[in-house]
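J.: one predicted model, sequence on top.
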Amino acid sequence: MLKYKIMVRRKIVKEALKQAWKSADSSGLTRGNQADSKSSIISQLIYDIFGGEILKTPEKSSWHFYNRIDGERIDFTISEMSKFSIYNNAEDILSTPEEVHNYFEQENYLTFYMKFINAFEEIVGLKKYRRSA
C-alpha cells in the first residue's frame, strides 16, 4: 500500500511539473540551454519542497541535475527509457543549491515555483480552498 501511495504522489508531482513547465515555456521564461535550465530548475524545486540532495552527472557539454531523497534517485526531467542509459553511467556528484542557481535566473525560478504550486493545487483539488483576494 505504501509503495502505491508513493507512486501516486510521484504521478501527481510529475503532472504538476509538466503543466508548470509547459506554462513557463510558453510564457518565454526559459532562455539559454533549455535542457540545463529544466534539470536545474526542477531539481532545485524538488529540493526546496521535498528536501534530500541535489546530484549532478556530466552530459555532453554541461551537467544534468537530479535529486536523491531517502537514498533513492529521483529525476522528473527524463523519460523512463532515458533513465536506464543515463543512470548506468551516472556519477552522482553532490551539488549544492548555490551551484544549481548558476543555471537559471532567480525570477524564472520563482515564477516556475508558483506555476508548479498552482498546477499541484489544481490537480489534487486544493484550489477550491484558496481564499480570493
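T.: Received it, and whenever you're ready, just let me know what you need.
J.: could you measure from the residue nearest to residue 120 when sequence neighbours are not counted over to residue 97?
T.: Distance criterion C-beta to C-beta, 6 or more residues apart in numbering; nearest residue to residue 120, sequence neighbours excluded, is residue 16 at 4.0 Å. For the C-beta atoms, the positions are set from N, CA and C on the backbone; glycine is no exception. Distance, residue 16 to residue 97, by C-beta to C-beta, to the nearest Å: 21 Å.
J.: repeat that for residue 122.
T.: In terms of C-beta to C-beta, residue 122 sits 27 Å off from residue 97.
J.: for stretch 112-130, buried residues please.
T.: For stretch 112-130, a neighbour-count test (16 or more other C-beta atoms under 10 Å) marks 112-113, 115-116, 118-120 as buried.
J.: in this protein, which helix or strand is least confident?
T.: Here the helix or strand of the chain ranked lowest by mean pLDDT, DSSP states H and E is helix 80-88, holding a mean of 57.
J.: tell me the pLDDT of residue 27.
T.: pLDDT for residue 27: 58.
J.: repeat that for the one 3 residues further on.
T.: Looking at residue 30, its pLDDT stands at 51.
J.: for residue 1, same thing?
T.: Listed pLDDT for residue 1 reads 49.
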